[in-house]
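Colleague: structural data only, the sequence is not supplied:
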């Protein structure tokens, strides 16, 4: 199904080369000022054609709101929106009608549905993320009124990696870099790497890190619907995501309890963990400390090099992509990670009765 | 809420030191032979006191089925079950009434609910996993009739790690080792490490790897409810889990597309990927190749060493655990990971109309 | 929340005088031929201005599909659609900004949300039904391929009532009458009554009857999610609905078991109930006999006569409606009842694994 | 599925002649005093063998709580409970193994599941209602702290009917009558009628009326999940229910708008409808006035008279019931209606953020 969330939900629709992408945001609390311009700014952060490092597909990605906002404020009613597709060079894709591209969803979608909109990945295209960015941008505006911020950045591209913890980075400067990495020196290395990969007709993976600040203690659930389980679900639902970890993550496997445990202290009358190896969540519920996590992305499957594969008849063929594509999706995935995180946070605050 | 799943669901109840753990499995297809003995065997794999490496809490964990099975078969009706708690030395825990233990859920549960059953972790105890093992053991029996198997093993404890891919391991011998590691030499190193850690009054983390074999192509969803998103959600909902990755996982971040892409071939008339970097899932839907993934676990928060913390009044205190606990939960987490995976698989097969 | 259904769902959006009504249909099985023209015909049955008996609001109600249909067939992906609002004379409604109209949702919406789009009923307007008719018209097309039909008709307006059972009526001639009553003589009486009521500046209630034919035995659930519970939920979610009954309904209260029981017989090798007092459902599950039910509608709250009420400050005022409205909604509710029934049927067939 | 509710949920299990009935109540707000004795009293109102008018099956229906209540209070964790079956004379039912009883679920359950626990109706037995009464009795205790009461009564048996509105009845005296009718004279007529019907080896239907008092304005949803839609869903999910209406119900079909509309007035600074034809709900949301509704019940399908039917092979047979049964379920349905209503109310108050 194409709905995500329990109390703050997004239902999305749209294929890469259909009429429009769009969706319905439901459960937005009533009476909040919502700026369509701010939503548009978030879409601009994700849109193709931002720099020479991204796909050349020319999409303006203009969002049109159709309901749920009245006199500048949310009414509590569903917020319908559409983003018309413009640069739909479907003829580029006619050739793909019979091909199962390597590491794409062509084969698996047909295995499930028996039919496939083959134009540019159809429903499986990462273009579906526009709906998530709209829903996330609305959530962010509501969360900001509660002093909650969500900031993601590129922390790794290929083997180029940020080595500092997020606390030592200037997260407000993320967008100053075309790769969305707040460490200037590393950002330049990343750019160089992406250009090399692009020149090679290849692609490269990476990691997005994200920090949620300002969350109160007491948000989440103790058993199945833990805060981290929700985060994991939303993040693993992003195209190309291969892994999720929070707090010390996989590194915790190598640690001792005496090292990993966070001692509680009282500061200004407020109980809080002194360190934050846990990543702001204990037993599925927030502790009031920052929640931080990382999402791993695989290299884009579409590459310029010729590859072997099969067609719908199962015959082995040689195949080269001629569509436009990104050598590395990670910088454009940054606002998507933020959006998905914002949706989780608002949903779980609602569940905790905090609105 | 305490329900997980959409079409095959578990609703669980019970506190560590209450009357009983239990649950209701709903959506089990009708007409399948279900062996209570086999469910009991899976519970025995998780139960405390299996070896000197686990907690000494003496629980027989006998499951009693109350409904939904008639003349040895599932009827399609909900399967209610209970597991009575026996060794509930609540007096051990009276001392904890006022303490917020470091890296435990004591503080966060109270922040959310304003009240807490403080006996041995209450609802937040990993003892809740017994319900999941029951639900998983039922799912496994149904899946086996379709030729689907799920096998998990300990692939890392602290810095001791299995270096071979799962394809080179004898997965049928997992239970021969007390740590549930199929690499004999590594298993012995893990045992040694856990004994050292235990002697130190400390704990240690690890990683569980898991393989799902026999899944047909076409199971999963293309957008939000991807197969990997569901796996991530279920795994991150296990106590002490800190990270999830599938296929190449975080390692994919360092790879090129030309390296990571899996070429399709036709073998005996069946289309399949030649390699399986993807981990058996493309665009959220299974490809027919093995699904494999890993879950990172933190070191247990309960350690023997004295620690600093605060009490409910926020006063800083010194505190030592006297309750019984495991130096490393990873070996007992193996059947839990398998159970959660079995629940996902059955749920998504039902969603795909395969039953 | 604005989603209805479990496996075949509609999420709707839109306010009476906003930009557009619309929605997303999710879970439509893949590979079915879907005719947009047929959807439009169903919308035309509901649209205002069909005759002098309905509101004069001039809306063409043209549906635009944005996704989920490719080369004339459903792809299994979400079907996004919009219906632009055209005749939005919002100035008619400016006067209502401060008024809580009697028996309208103005007061209760503000009590819940603290804010209200006061233009013509906003989200609470029956204009939201356009989304349901689209979703229903799609479901009907899929159901027809399985030989399942759904036919509703006006069986009562005020005290004018059809006295024959549905089996004695020509249900294929429903649309020949402007009031959608297949009994010609009664239909004329209904028309006369509605014209009288309209001339009076008043409104009148009525009943819609509905028959579902061709359903196989075995669809539904035995405990909570009974077929009739779902029908009741969907029907009571229609604007102005005040009651729901199926089979003998309220009349069953006066019957004896020996009268009401339907004897099973075998006919052409098929087991079936000989009579059908039950209305085609036993223990929440269909028996293979026709499902029939009735929905009661109240008289429209908007009337021409001057009425007393209060404004937002609680001051008592006199008030007359100047907006356009129907003297009786029942004829236009007929396609809505059919649509909601079609959605239930498809949803429950999917649940029963019949697709 | 066997779960009902969104935020306050009941998942139930159990067959009429299995080990136990039981369930899990989830979403109960934390910190409320819950009296198990009070829950038992509600079960006693539903239990068989209360008088000579009900089935002679001897069940004590003792509830055992297993979790979620600590030191007398709800903890916010799931409340597991069981009620052991005692008087399970399964041999009475062995004869029914091959019979499809008229107007019972035997045939339809097999049509759906292919298998059936034939002992006394199995899962389809009204004995499942014990779980609902437990969940309702918990909800009632929580609601009482907010001044919300729910009272149901028998308003019709066969053709014997209460003619006064609920406002003229002494609802606190409902349980003084064995048929649960607060109009003494009518109650006696009902008793007489049930005795006659019983002597005849027959059964008879009836109507339960219910009033919810103390609900604040602003609870419900404007589109699909209307307060009345939820009520309708819950009520139509009760065994033997054939119809649901609220406010004027089916009677509204015969009314004019000028008659049915409720004028708003201000009383002690509080806006409220002067009359209450609407039944306390406008546009799906409560108005602060009493919510009242009626549920129609069919005559019990099990009768003493010999009946014709078919067996599993489709052969026509003669059949007489020898199991114990009620000539009229309506008096025992009264606490079930109250329980279901209490569950709706608490669920929707939670949804409205009122806890």
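Modeller: Arrived safely. What you see is a predicted model, and the numbers here were worked out from it, not measured in a lab.

Colleague: so what pLDDT did residue A:54 get?
Modeller: What the model reports for residue A:54 is a pLDDT of 76.

Colleague: do residue A:48 as well
Modeller: pLDDT recorded at residue A:48 is 85.

Colleague: now do residue A:322
Modeller: Turning to residue A:322, the model gives it a pLDDT of 68.

Colleague: smallest distance to chain B belongs to which residue of the stretch 51-200 of chain A?
Modeller: Of all residues in the stretch 51-200 of chain A, the one sitting closest to chain B is residue A:105 (2.3 Å; CB to the nearest CB). C-beta coordinates here come from the backbone N, C-alpha and C atoms, glycine included.

Colleague: can you tell me, leaving aside adjacent residues, what's nearest to that residue?
Modeller: residue B:283 (2.3 Å; CB to CB, 6 or more residues apart in numbering or on different chains).

Colleague: who's in contact with the one you found?
Modeller: Applying CB atoms under 8 Å, 6 or more residues apart in numbering or on different chains, one finds that residue B:283 lies in contact with A:104-105, A:108-109, A:124, A:239, B:222, B:226.

Colleague: same thing but at 7 Å, please
Modeller: Neighbour list for residue B:283: A:104-105, A:108-109, A:124, B:222 [criterion: CB atoms under 7 Å, 6 or more residues apart in numbering or on different chains].

Colleague: any chance of these in JSON lines, with secondary structure too?
Modeller: Shown next, in JSON lines, are the contacts of residue B:283 (DSSP: H, G, I helix; E, B strand; the rest coil):
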{"residue": "A:104", "secondary structure": "coil"}
{"residue": "A:105", "secondary structure": "coil"}
{"residue": "A:108", "secondary structure": "helix"}
{"residue": "A:109", "secondary structure": "helix"}
{"residue": "A:124", "secondary structure": "helix"}
{"residue": "B:222", "secondary structure": "coil"}
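
Colleague: now tabulate the residues you listed in a markdown table and tack on distance to residue B:53, pLDDT and neighbour count.
Modeller: Shown next, in a markdown table, are the contacts of residue B:283 (distance: CB to CB, whole Å; pLDDT from 0 to 100; neighbours: other CB atoms under 10 Å in any protein chain shown):
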| residue | distance to residue B:53 | pLDDT | neighbour count |
| --- | --- | --- | --- |
| A:104 | 45 | 95 | 22 |
| A:105 | 43 | 96 | 27 |
| A:108 | 41 | 97 | 28 |
| A:109 | 46 | 97 | 30 |
| A:124 | 45 | 96 | 25 |
| B:222 | 43 | 98 | 25 |
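
Colleague: wait, isn't the residue of the stretch 51-200 of chain A closest to chain B in contact with residue A:124?
Modeller: Yes - taking contact to mean CB atoms under 7 Å, the distance of 3.9 Å between residue A:105 and residue A:124 places them in contact.

Colleague: what sits in contact with each of those two?
Modeller: Between them, residue A:105 and residue A:124 share these contacting residues under CB under 7 Å, 6+ apart: B:222, B:283.

Colleague: wait, isn't residue A:120 in contact with residue A:96?
Modeller: No - applying CB under 7 Å as the test, residue A:120 and residue A:96 come out as separate, 8.1 Å apart.

Colleague: compare the two (neighbour count), which wins?
Modeller: For residue A:120 and residue A:96, the more surrounded residue by other CB atoms under 10 Å in any protein chain shown is residue A:120, and the numbers stand at 23 against 20.

Colleague: tell me the secondary structure of the more buried one, please.
Modeller: Residue A:120 - assigned by three-state DSSP - is helix.

Colleague: what ranges do the strands span in the stretch 101-250 of chain A?
Modeller: Taking DSSP state E, counting those that start in this stretch as the test, the strands found in the stretch 101-250 of chain A are A:149-157, A:160-161, A:206-213, A:241-246.

Colleague: now the angle between strand A:206-213 and the longest one, please.
Modeller: The one in question is strand A:149-157. For strand A:149-157 against strand A:206-213, the angle between stretch directions is 160 degrees (axes from the mean of the first three to the mean of the last three CA atoms, to 10 degrees).

Colleague: gap between strand A:149-157 and the chain center?
Modeller: A distance of 10 Å separates the C-alpha centroid of strand A:149-157 from that of its chain, computed with CA atoms, centre = their mean, to the nearest Å.

Colleague: so what secondary structure elements neighbour it?
Modeller: Taking 3 or more CB pairs under 7 Å, 6 or more residues apart in numbering or on different chains; DSSP states H and E as contact, the helices and strands that strand A:149-157 lies on are helix A:184-199, strand A:206-213, helix A:330-351.

Colleague: so can I have a markdown table of those showing distance to chain D, mean neighbour count and mean pLDDT?
Modeller: Supplementary listing: the helices and strands packed on strand A:149-157 in a markdown table, determined by distance: least, CB to the nearest CB, whole Å; neighbours: other CB atoms under 10 Å in any protein chain shown; pLDDT from 0 to 100:
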| stretch | distance to chain D | mean neighbour count | mean pLDDT |
| --- | --- | --- | --- |
| helix A:184-199 | 44 | 18 | 96 |
| strand A:206-213 | 23 | 24 | 98 |
| helix A:330-351 | 8 | 26 | 97 |
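
Colleague: out of the ones you listed, nearest to chain C?
Modeller: For these, the distance to chain C is smallest for helix A:330-351, at 11.2 Å, taking CB to the nearest CB.

Colleague: which helices and strands sit right next to the closest one?
Modeller: The elements that helix A:330-351 packs onto, with contact taken as 3+ CB pairs under 7 Å, 6+ apart, are helix A:36-46, helix A:129-144, strand A:149-157, strand A:206-213, helix A:227-236, strand A:291-297.

Colleague: any low-confidence regions in chain A?
Modeller: A:56-57, A:88-92, A:322-324 (pLDDT under 70).

Colleague: what residues does it put near chain D?
Modeller: A:353, A:355 (CB under 7 Å from any CB of the partner chain).

Colleague: closest residue of the stretch 51-200 of chain A to chain D?
Modeller: For the stretch 51-200 of chain A, CB to the nearest CB, closest residue to chain D: residue A:77, 7.6 Å.

Colleague: show me what contacts residue A:16?
Modeller: By CB under 7 Å, 6+ apart, the neighbours of residue A:16 are A:119-122, A:125, A:127.

Colleague: who wins on neighbours among those residues?
Modeller: The most crowded member of those is residue A:121, carrying 28 neighbours; neighbours defined as other CB under 10 Å.

Colleague: what about the residue nearest to that one when sequence neighbours are not counted, helix or strand, and which?
Modeller: Leaving aside its chain neighbours, residue A:121 sits nearest to residue A:16 (5.0 Å; criterion: CB to CB, 6+ apart). Secondary-structure assignment from DSSP states H and E places residue A:16 in no helical or strand segment.

Colleague: quick one, phi psi at residue A:16?
Modeller: For residue A:16, the backbone dihedrals are phi -50, psi -40 (criterion: degrees, to the nearest 10).

Colleague: which bits of chain A sit near chain C?
Modeller: Taking CB under 7 Å from any CB, the part of chain A that reaches chain C is made up of A:1-3, A:9, A:11, A:13-15, A:18-20, A:22, A:24, A:26-27, A:30-31, A:66-68, A:70, A:73, A:75-78, A:80, A:82, A:113-115, A:117, A:123.

Colleague: any idea what the residue lying closest to residue A:66 once chain neighbours are set aside is bridged to?
Modeller: Using CB to CB, 6+ apart and skipping residues adjacent in sequence, the residue nearest residue A:66 is residue A:80, 4.1 Å away. With DSSP bridges applied, residue A:80 shows beta-bridge pairing to residue A:24.

Colleague: hmm, residue A:63 and residue A:80 touching each other?
Modeller: No - in this structure, residue A:80 is not within contact of residue A:63 by CB under 7 Å, at 11.0 Å.

Colleague: these two - which one has more neighbours?
Modeller: When residue A:80 and residue A:63 are compared on other CB under 10 Å, the one with more neighbours turns out to be residue A:80, at 33 against 22.

Colleague: how near is the more buried one to residue A:11?
Modeller: Between residue A:80 and residue A:11 the distance is 10 Å, computed by CB to CB, to the nearest Å.

Colleague: any shared contact partners between those two?
Modeller: When contacts are counted by CB under 7 Å, 6+ apart, residue A:80 and residue A:11 have residue A:24 as shared neighbours.
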